[in-house]
Structure formats: structure tokens, C-alpha cells
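Peer 1: just need the structure, nothing else, for what follows:
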Amino acid sequence: MHDGQIADTLLDHLAPRTIVLADKAYDADRIRELIQDQGATPNIPPKSNRKWKPCFSKRLYRERNLIERFFSKLKHFRRVATRYDKLAANFLAMVQLASMRLWLRAYESTA
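Peer 2: Numbering: from 1, shown residues only. Here you go, the predicted structure:
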């Protein structure tokens, strides 16, 4: 299932003045309104077939690659990539452990 269909649940608790970075797949009026109704700002590139082009910052959008690279590194952990855990709490714990390990590895290389 595409994430755009459950965006209401994913974007339910945004803090005011938050900037939401998303790709073109999330360029829908419904999603943009959901973000703006909570006081946040969507920074989503417009699709090529959109008649009205909303404002979009390419400089902010470039920061999105940090998130994409993090998820790519996270998927190197086999248990996370294949979702061996049946319970959501166990899966979340494994994601947290893998994230800490990635953070420690990055911290050690820069210290």
C-alpha cells in the first residue's frame, strides 16, 4: 500500500513551525492541507503535471538525503530489513539498537 493513503495517521502529531520534507509522491492537496492545518510547512516538490506550483525550497529539500542515507544504513541490519520480529515493540527495540550502533560508529569515526 502506498504511504500517501495513510498520511493522516503518519502526519497526525506535527509540532507547529515544523518543516515536512517529502518527495513528489506526497504532492497532493489533501496532504498539504493536513500539514498546514497543524501549523507546519510542507516542503514537497510539485509534480510536473500540477497547474498551480506551490513554493518549494531546493536548499531545504537537499537535507532529505540524510534521512534516506540513514534508512539505507539501517537496512544493512538483517533483522531490521527482513522484519523477523512479530511484535511491533520488539521491532522498534531492534530499530533503536541499530540506530544507536550507527550513531556510535559515526561518533567514533569523528572523535
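
Peer 1: all contacts plus neighbour counts: C-alpha atoms, from now on.
Peer 2: OK.

Peer 1: quick one: buried residues of the longest helix seen in the chain?
Peer 2: Taking DSSP state H as the criterion, the chain has its longest helix at helix 88-110. Buried residues in helix 88-110, counted by 16 or more other Cα atoms under 10 Å: Phe91, Met94, Val95, Ala98, Ser99.

Peer 1: what residues are up against the first one?
Peer 2: Meaning Phe91. Shown in contact with Phe91 (Cα atoms under 8 Å, 6 or more residues apart in numbering): Val80, Arg83, Tyr84, Asp85.

Peer 1: tell me the confidence at it?
Peer 2: Phe91 is assigned a predicted lDDT (pLDDT) of 92.

Peer 1: before we move on, the earlier item: pick out whichever of the buried residues of helix 88-110 sits closest to Lys58.
Peer 2: Distance to Lys58 across those (Cα to Cα) is lowest for Ser99, with 27.5 Å.

Peer 1: ok, back up a step: and which of the buried residues of helix 88-110 is nearest Tyr26?
Peer 2: Val95 (24.6 Å).

Peer 1: okay, and the nearest residue to the closest one once chain neighbours are set aside sits in which element?
Peer 2: Of all residues not flanking Val95 in the chain, Val80 sits nearest, at 6.4 Å (Cα to Cα, 6 or more residues apart in numbering). Element membership for Val80 (DSSP states H and E) is helix 78-82.

Peer 1: and the contacts of the helix or strand of the chain with the lowest mean pLDDT?
Peer 2: Lowest by mean pLDDT, DSSP states H and E among the helices and strands of the chain is helix 7-10, with a mean of 80. Here helix 7-10 makes contact (Cα under 8 Å, 6+ apart) with Ile31, Leu34.

Peer 1: dump the residue contacts of the residue nearest to Val95.
Peer 2: By Cα under 8 Å, 6+ apart, the neighbours of Val80 are Leu74, Phe91, Met94, Val95.

Peer 1: separation between the last one and Lys75?
Peer 2: Right, the one you point to is Val95. Distance, Val95 to Lys75, by Cα to Cα, to the nearest Å: 10 Å.

Peer 1: re the thing from before, between the contacts of Phe91, which has the most around it?
Peer 2: When neighbours are counted as other Cα atoms under 10 Å, the busiest of the contacts of Phe91 turns out to be Val80, with 16 neighbours.
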